[in-house]
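>>> Got a predicted structure plus its sequence, pasted below:
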Amino acid sequence: MDGRIPQPRDVTDSAQFVTVMRQLRQWANLSYRELERRATAAGDVLPRATLAGALNRQELPREDLVAAFVRACGGDEATVRAWIGARKRLAVELESPVPGEAREAEGAEPESA
């Protein structure tokens, strides 16, 4: 890494988002226990077992967990907003069906290529 705080700007799926979260933890050089303590000091709740589970899955973590995690890693409020914005964008994209799938699900014939 080049010393700058990792950002999820260009991620396209939840697995990539979690990978960048792991990079952020590596950048901050903090253990799960240290992250839990820093989150508590900032007024957040970030149980280390919950965080470890989130960083070892491929699903998009909850918004409150992402915010607490980024703050605990040393991110300022602008950084937290950037992470939450990326998470919200992905959540919307993951909920939106692929254009052809919606018609097929409604019983329409799939378009031929």
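It's in.
>>> contacts and neighbour counts: CA atoms only from here.
Fine.
>>> need the contact list for the residue nearest the centre of the chain.
Centroid-nearest residue in the chain: residue 17, 4.7 Å away (criterion: CA atoms, centre = their mean). Shown in contact with residue 17 (CA atoms under 8 Å, 6 or more residues apart in numbering): 8, 11, 60, 87.
>>> Enumerate the positions of the helix or strand encompassing it that are buried.
Assigned by DSSP states H and E, residue 17 belongs to helix 14-28. Using 16 or more other CA atoms under 10 Å as the burial criterion, the residues of helix 14-28 that qualify are 14-25, 27-28.
>>> what does stretch 52-65 contact?
14-15, 17-19, 21-22, 32, 45-46, 51, 84, 87, 91.
>>> Buried residues in it, which are they?
Buried residues in stretch 52-65 (16+ other CA under 10 Å): 54-55, 60-61, 65.
>>> got the CA positions of it in PDB?
Extracted in PDB, the C-alpha atoms of stretch 52-65 (Å, rounded to 0.1, in the frame of the first residue of the first chain):
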ATOM      1  CA  ALA A  52     -13.900 -10.800  12.800                       C
ATOM      2  CA  GLY A  53     -17.000 -12.600  11.400                       C
ATOM      3  CA  ALA A  54     -17.800  -9.700   9.100                       C
ATOM      4  CA  LEU A  55     -14.200  -9.600   7.800                       C
ATOM      5  CA  ASN A  56     -14.200 -13.300   7.100                       C
ATOM      6  CA  ARG A  57     -17.400 -13.400   5.000                       C
ATOM      7  CA  GLN A  58     -18.200 -12.100   1.600                       C
ATOM      8  CA  GLU A  59     -21.500 -10.400   2.500                       C
ATOM      9  CA  LEU A  60     -21.900  -6.600   2.800                       C
ATOM     10  CA  PRO A  61     -21.600  -5.700   6.500                       C
ATOM     11  CA  ARG A  62     -24.200  -3.600   8.300                       C
ATOM     12  CA  GLU A  63     -23.800   0.200   7.900                       C
ATOM     13  CA  ASP A  64     -23.300   0.800  11.600                       C
ATOM     14  CA  LEU A  65     -20.500  -1.800  11.700                       C
END
